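Q: task: produce atomic coordinates for the following.
(2 chains)
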Amino acid sequence: MIARLMRLSLLLPLFALLSGCWDRIELNDLLLVTALAFDQEKGQVVTTVQFLLPRSQTAVGGTGGGSPAAKQTSVRAGKGYNVADALSKLQRKLPRKLFWGQCKVFIFGEELAKSGIRDELDFLIRHPQPRERSYMFVSRGKAADMLEVYPPLERSSAEVLRELSDMRIGYKVTLQELNMKLKGESRAVALPLVSILQPNKTADPFQTISYIHGTAIFHKDRKVGDLSEKVSQGLLWLLNEVNEFTVTFPIGDSNRLVSISPIKAKVKLIPYIKGDQWTMTVRVEAQGDMVENDSNWNPTSEKLLDQMDRAFEKEVKRYIDLAANDIQHRLKTDVIGFGTAYHRKYPKHWKQVEDRWDEQFQQIKVVTKVHARILRTGNVSNPGGLPEEEIKQK
Amino acid sequence: MLANQKISALQMALLLYSTVLATGFMVLPSFAALHASNDYWMTGLLAGSTGVIAIGLAVSLHTHFPRQTVIEYGRRIVGKAAGTVIGLVYAMILMHLSGVILREYAEFVKGNFLFNTPGLFIMISMIGLSACAVRGGVEVIARGTMLFTPLFVIPLFILLMLIPDLNPGNMLPVLNHGFRPVLQGSIMPGAWVSEMFLMNFLLPSLANPEQGRRWGFISLTAIVLSMTYINFITLFLLNADAGDKMFPVLVAFRYISVGGFFENLESLLLAMWVIGSFVKLTVFLYSAVVAFHQSAGLSEHRYVAMPITLVVLLFAYWDMPSLSRLSGFLSKMVTFEVLVCMIVIPLFLYTVAKLRGQLKEDKGGLDG
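A: Numbering: from 1, shown residues only, chains lettered A, B, ... in the order given. Next up, the predicted model:
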């Protein structure tokens, strides 16, 4: 019996290994990184980390009336020849070890984006710690500034960006997608562009958020231009990323507005080649519910609803054509995935144009075919607040 | 010794499943995609053919030389001296392959999870356990596998949570570069599947040997289906970029995110990897031990288990200087070694036996 217990006790040292062998690490030795920003400064890279301050240190904030919430994050930056070098220098200024498991936001500064993001991308995709599902952004101005704002609602500005992307009103690109798109057929990608929201009048100057506003267009690994907020919406249609949108459009001669929300849409790119003419048909199926009707039309009238549907279609088409035109002829960069669509359907033709795709891309004729329907008219039939006689019934 | 312990055909099937797939899941999609680009999902199906040959050879040789391993009937077929040489070749190659498996195991754990832990320690803790299991005999290994296989298989279904991120369009254009790259990409998976021939070391211990063939093929079907499933998931998620990843399945597990809180699931993959590698390593180590003790004509396999373990550890520790050397090694040398050991030598033995008329009444096997 004793001998058996002795033998069992030999197993006890195994418990020492449960905490991860040599990789045992205490939570209070870790620095939880929430976001990482890359900037360029005199040919060197500045990497700025945003990290969470442990709760116990933030809870001591004063209780005086109107005092802002205590900051829950802080930032620190390191400068080096490349990302790894900069991070190693940054680590020297931090008493805790950088931990990446919760880091889901990476932001490239404008200047860096213009000179190329390939080096940074290689680090992110190669290092075993950054996660392939992290969201990628480009900032207007310095990326580090996006991390040095303290949102009133969420814990960190990184969290705000992530939540905004997840709401699917905006557009998101993960690290893995970015890598695949830059290696893909057209070697181009569109990344969401973030800037700082003007703080409220009563708020502290840094008590605000960074939010998504527009799109940055990359050709190879360089930023070649921006899309405005409006064109970005059209881009979302082309990328089939439309969800929970609101579309507002004028109807009839009075040009009064009608709004449809949320929109559900399916967008298909159908490539076609006839002789030398490459045509891309963008086929859109969209539907949604009416949430506002400023006109005097009664949407329960079949004839009027039909006209409203047509106006809805026209608006969607306008969005798409605007974006397609801007991307094709101003930026000349295929971020819409036309290349992929042609490669998949016409692999032989693709081989011929592969090397000069950027030129070919500009010559593609885009035909937009929209079929849109208003599914429901909300809780009332007649326009609200209008007497019977002013309502147009048919 | 060997005959004293009995396992069932089902247990054999489970052993073989983990043996082929444990490392197969992790490295094969990447190597196959390197050659076959976005057509690599076919490689799993093509690779099945070497499995059919391997099972056919193992089973038909075993029917004619019942209760014998390849080492024993090798001697009966080509004579004592040549047979012993073949046996030692087997022992050598199997020890070497065990070493490679052990190193692969440790590389993955060290490179992605335990950055600071010495690789040697990771290896010793695994091979130590394997050695104990091998000393315990085939029954211990089989029972362990019965317990472990569900833990190895269930995490695979968690990959289905990726469905919203999958893009089946990545399959197109199909066979854009012709069929040749697909064949090239199938060589390595084919070598992996040919490891089914290791069943010849298990067949003599079967309580129901007549079921061996059937369960061998059931296991093979499960392997091909699982391989194709993994290939599809990684293809739909990563497209041809899978060829660029060291471990595409790791990326797939890391990519899972459900509802914003069901994330960081790669630890599941680690659990699966530890279990799968344990079974694979143990089966290889057991085969190496049996091969050695039978060719050396020893009475008890337990006595050579520990020394061989030490040799395996040396192979694992000293043979490969780096991970990139290891992956080059896997795609060239190991593929060759495995195919020689699992297909070429058995096929040679089968042909000689046939020519010498040792296979009089062919009751199944290759063509049955």
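
Q: quick one: secondary structure of the residue lying closest to residue A:20 once chain neighbours are set aside?
A: Nearest residue to residue A:20 in three dimensions, chain neighbours excluded: residue B:114, at 6.5 Å (CB to CB, 6 or more residues apart in numbering or on different chains). All C-beta spots, glycine's among them, are computed from the backbone N, C-alpha and C. Classification of residue B:114 using DSSP: H, G, I helix; E, B strand; the rest coil returns coil.

Q: quick one: residue B:114 and residue B:123 touch, right?
A: No. With contact defined as CB atoms under 8 Å, residue B:114 does not reach residue B:123; the gap is 11.9 Å.

Q: out of those two, which sits in the busier spot?
A: Neighbour comparison, residue B:114 and residue B:123: the larger count goes to residue B:123, with 23 against 19 (by other CB atoms under 10 Å in any protein chain shown).

Q: where is the longest helix in chain A?
A: helix A:302-325 (DSSP state H).

Q: helices or strands up against that one?
A: For helix A:302-325, the elements it packs on are helix A:229-238, strand A:243-251, strand A:256-274, strand A:277-293, strand A:365-376, judged by 3 or more CB pairs under 8 Å, 6 or more residues apart in numbering or on different chains; DSSP states H and E.

Q: please save the CA atoms from that helix in PDB.
A: Extracted in PDB, the C-alpha atoms of helix A:302-325 (Å, rounded to 0.1, in the frame of the first residue of the first chain):
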ATOM      1  CA  GLU A 302     -50.600  49.100 -56.600                       C
ATOM      2  CA  LYS A 303     -49.900  51.500 -59.400                       C
ATOM      3  CA  LEU A 304     -48.200  54.000 -57.200                       C
ATOM      4  CA  LEU A 305     -46.200  51.400 -55.400                       C
ATOM      5  CA  ASP A 306     -45.000  50.100 -58.700                       C
ATOM      6  CA  GLN A 307     -43.700  53.600 -59.600                       C
ATOM      7  CA  MET A 308     -42.000  53.800 -56.200                       C
ATOM      8  CA  ASP A 309     -40.300  50.400 -57.000                       C
ATOM      9  CA  ARG A 310     -39.000  51.900 -60.200                       C
ATOM     10  CA  ALA A 311     -37.700  54.900 -58.400                       C
ATOM     11  CA  PHE A 312     -36.100  52.700 -55.900                       C
ATOM     12  CA  GLU A 313     -34.400  50.700 -58.700                       C
ATOM     13  CA  LYS A 314     -33.200  53.900 -60.300                       C
ATOM     14  CA  GLU A 315     -31.600  55.000 -57.100                       C
ATOM     15  CA  VAL A 316     -29.800  51.700 -56.500                       C
ATOM     16  CA  LYS A 317     -28.500  51.800 -60.100                       C
ATOM     17  CA  ARG A 318     -27.300  55.300 -59.600                       C
ATOM     18  CA  TYR A 319     -25.300  54.300 -56.600                       C
ATOM     19  CA  ILE A 320     -23.700  51.400 -58.400                       C
ATOM     20  CA  ASP A 321     -23.000  53.300 -61.600                       C
ATOM     21  CA  LEU A 322     -21.400  56.100 -59.700                       C
ATOM     22  CA  ALA A 323     -19.100  53.700 -57.800                       C
ATOM     23  CA  ALA A 324     -18.200  51.600 -60.900                       C
ATOM     24  CA  ASN A 325     -17.400  54.700 -62.900                       C
END
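
Q: could you give the angle of it to strand A:277-293?
A: 130 degrees (axes from the mean of the first three to the mean of the last three CA atoms, to 10 degrees).

Q: next, the buried residues of helix A:302-325.
A: Going by neighbour count (16 or more other CB atoms under 10 Å in any protein chain shown), the buried part of helix A:302-325 is A:304-305, A:308-309, A:311-313, A:315-317, A:319-320, A:322-324.

Q: immediately after it, which helix or strand?
A: Counting by DSSP states H and E, the element after helix A:302-325 in chain order, helix or strand, is helix A:338-345.

Q: tell me what that next one is packed against?
A: Checked by 3+ CB pairs under 8 Å, 6+ apart, helix A:338-345 has strand A:256-274, strand A:277-293, helix A:347-353, helix A:357-363 packed alongside it.

Q: touching that helix from outside, list them.
A: A:184-186, A:269-271, A:273, A:278, A:280, A:349-350, A:353, A:357, A:361, A:364, B:169, B:172-173 (CB atoms under 8 Å, 6 or more residues apart in numbering or on different chains).

Q: now, of these, which are buried?
A: Applying 16+ other CB under 10 Å to the contacts of helix A:338-345 flags A:184, A:185, A:186, A:269, A:271, A:278, A:280, A:350, A:353, A:357, A:361, A:364 as buried.

Q: the second one: what's it in contact with?
A: To tie it back to what came earlier, the one meant is residue A:185. A:334, A:337, A:339, A:340, A:342, A:343, A:350, A:354, A:357.

Q: and which of those is nearest residue A:158?
A: Nearest to residue A:158 among those: residue A:337, at 28.0 Å, using CB to CB.

Q: now do the helix or strand harbouring residue B:284: distance to the chain's middle.
A: Per DSSP H and E, residue B:284 falls inside helix B:266-295. From the chain centre to the centre of helix B:266-295 is a distance of 9 Å (CA atoms, centre = their mean, to the nearest Å).

Q: same thing with stretch A:227-235?
A: Distance, stretch centre to chain centre, for stretch A:227-235: 13 Å (CA atoms, centre = their mean).

Q: equivalent analysis for stretch B:7-25, please.
A: 8 Å.

Q: mean confidence for it?
A: Average pLDDT, stretch B:7-25: 92.

Q: chain A contacts on the stretch 251-368 of chain B?
A: B:251, B:254, B:255, B:257, B:260, B:263, B:264 (CB under 8 Å from any CB of the partner chain).

Q: restricted to helices, list the residues you listed.
A: Checking those against DSSP H, those in helices are B:251, B:254, B:255.

Q: my read: residue B:192 touches residue B:22, true?
A: No. Using CB under 8 Å as the test, residue B:192 is too far from residue B:22 to be in contact (9.9 Å).

Q: the more surrounded of those two?
A: Just comparing residue B:192 and residue B:22: by other CB under 10 Å the higher neighbour count belongs to residue B:192, 29 against 25.

Q: and the strand or helix carrying the more buried one, what does it pack against?
A: Assigned by DSSP H and E, residue B:192 falls within helix B:180-194. Contact analysis of helix B:180-194 by 3+ CB pairs under 8 Å, 6+ apart lists helix B:9-36, helix B:41-64, helix B:212-238, helix B:335-339 as its packing neighbours.

Q: right, so the ones you listed: which one is the most enclosed?
A: helix B:9-36 (a mean of 25; mean count of other CB atoms under 10 Å in any protein chain shown).

Q: centre of the chain to it, how far?
A: 6 Å.

Q: can you list the domains in chain A?
A: Per the record, chain A has its domains at A:25-227, A:229-394, by automatic domain parsing.

Q: could you export these as a markdown table, including mean pLDDT?
A: Shown next, in a markdown table, are the domains of chain A (pLDDT from 0 to 100):
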| stretch | mean pLDDT |
| --- | --- |
| domain A:25-227 | 86 |
| domain A:229-394 | 88 |
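
Q: as CSV, these with distance to residue B:233 would be great.
A: Shown next, in CSV, are the domains of chain A (distance: least, CB to CB, whole Å):
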stretch, distance to residue B:233
domain A:25-227, 14
domain A:229-394, 20
